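>>> Just to be clear, the model below is a prediction. Sequence and coordinates:
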Amino acid sequence: AQSVTQLGSHVSVSEGALVLLRCNYSSSVPPYLFWYVQYPNQGLQLLLKYTSAATLVKGINGFEAEFKKSETSFHLTKPSAHMSDAAEYFCAVSDRGRDDKIIFGKGTRLHILP
Amino acid sequence: DGGITQSPKYLFRKEGQNVTLSCEQNLNHDAMYWYRQDPGQGLRLIYYSQIVNDFQKGDIAEGYSVSREKKESFPLTVTSAQKNPTAFYLCASGGQPNSPLHFGNGTRLTVT
């Protein structure tokens, strides 16, 4: 079965500093991987997706993620944090090729310090 | 604009009452999903449907029921059998397999 682990339920960074949110996955088949962002009392919005075309994926709002098969990782980064980046971030792996499910990690809440 | 509409945004019920959460999409997606979100637990799958008139249980289906009579609609009923119904409920839809899900803005249910 596929699974996703997000390291750190809360991450704090200073405004202007590097953002690094960690995600490791488990999959028996080549995975499709996603990062979503959620602002308070809203649904999830897609940040970026990995579909095997390129290992470095660029998303919206200056975020990017690198797929590393040897490390089974798909960490999310942004060079310079902005106050508006404060939100909860979810990593997800697709099982939709088999039984049409997407498995989500438990989420990481990003805090931006002024 | 295409999207997913969940209503109402906030819902309050007394313990022992059934309640139905609405989810409508105009994205022409075949697959629809219901997730429950609790603090620190991420999203947990309740039910999903890949086609009209068919649906499957997710990881936490007990105390919930769904129907899929139309492609656009996938209502979720929280029954009195659900022991801890207070939560944030998210509906999503998906097009092609392995494509990202589109989410509604959620319904926050409070049962007292």
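Perfect, I can see it now. Numbering: from 1, shown residues only, chains lettered A, B, ... in the order given.
>>> do the helix or strand of chain A with the lowest mean pLDDT and chain B meet at all?
When each helix and strand of chain A is scored by mean pLDDT, DSSP states H and E, strand A:102-104 comes last, with a mean of 88. Yes - under the criterion of Cβ under 8 Å from any Cβ of the partner chain, strand A:102-104 makes contact with chain B via A:102, A:104. Any C-beta I mention is one placed from the backbone N, CA and C, and that applies to glycine too.
>>> C-terminal to that strand, what's the next element?
As assigned by DSSP states H and E, the chain's next helix or strand after strand A:102-104 is strand A:108-113.
>>> which other helices and strands contact that next one?
strand A:10-14, strand A:19-26, strand A:87-94 (3 or more Cβ pairs under 8 Å, 6 or more residues apart in numbering or on different chains; DSSP states H and E).
>>> mind listing what's buried in the shortest one?
Judged by neighbour count (16 or more other Cβ atoms under 10 Å in any protein chain shown), strand A:10-14 contains these buried residues: A:11, A:13.
>>> same thing with the last one?
Within strand A:87-94, the residues that count as buried by 16+ other Cβ under 10 Å are A:87-94.
>>> Which strands or helices does that strand pack on?
Where contact means 3+ Cβ pairs under 8 Å, 6+ apart, strand A:87-94 is packed against strand A:3-7, strand A:19-26, strand A:33-38, strand A:73-78, strand A:102-104, strand A:108-113.
>>> can I have stretch A:80-94 written out in PDB, keeping just the CAs?
C-alpha atoms of stretch A:80-94 as PDB (Å, rounded to 0.1, in the frame of the first residue of the first chain):
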ATOM      1  CA  SER A  80      12.600  33.100   0.400                       C
ATOM      2  CA  ALA A  81       9.600  32.900   2.700                       C
ATOM      3  CA  HIS A  82       6.900  35.500   2.700                       C
ATOM      4  CA  MET A  83       4.300  36.200   5.400                       C
ATOM      5  CA  SER A  84       1.600  35.100   3.000                       C
ATOM      6  CA  ASP A  85       3.100  31.600   2.900                       C
ATOM      7  CA  ALA A  86       1.800  30.800   6.400                       C
ATOM      8  CA  ALA A  87      -0.600  27.900   5.900                       C
ATOM      9  CA  GLU A  88      -0.800  24.100   6.100                       C
ATOM     10  CA  TYR A  89       0.900  22.100   3.500                       C
ATOM     11  CA  PHE A  90       0.000  18.500   2.500                       C
ATOM     12  CA  CYS A  91       2.000  16.000   0.500                       C
ATOM     13  CA  ALA A  92       0.000  13.300  -1.300                       C
ATOM     14  CA  VAL A  93       0.700  10.200  -3.400                       C
ATOM     15  CA  SER A  94      -1.700   8.900  -6.000                       C
END
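>>> still on that earlier bit, and the least confident helix or strand of chain A, how far out from the chain middle?
Distance, stretch centre to chain centre, for strand A:102-104: 12 Å (Cα atoms, centre = their mean, to the nearest Å).
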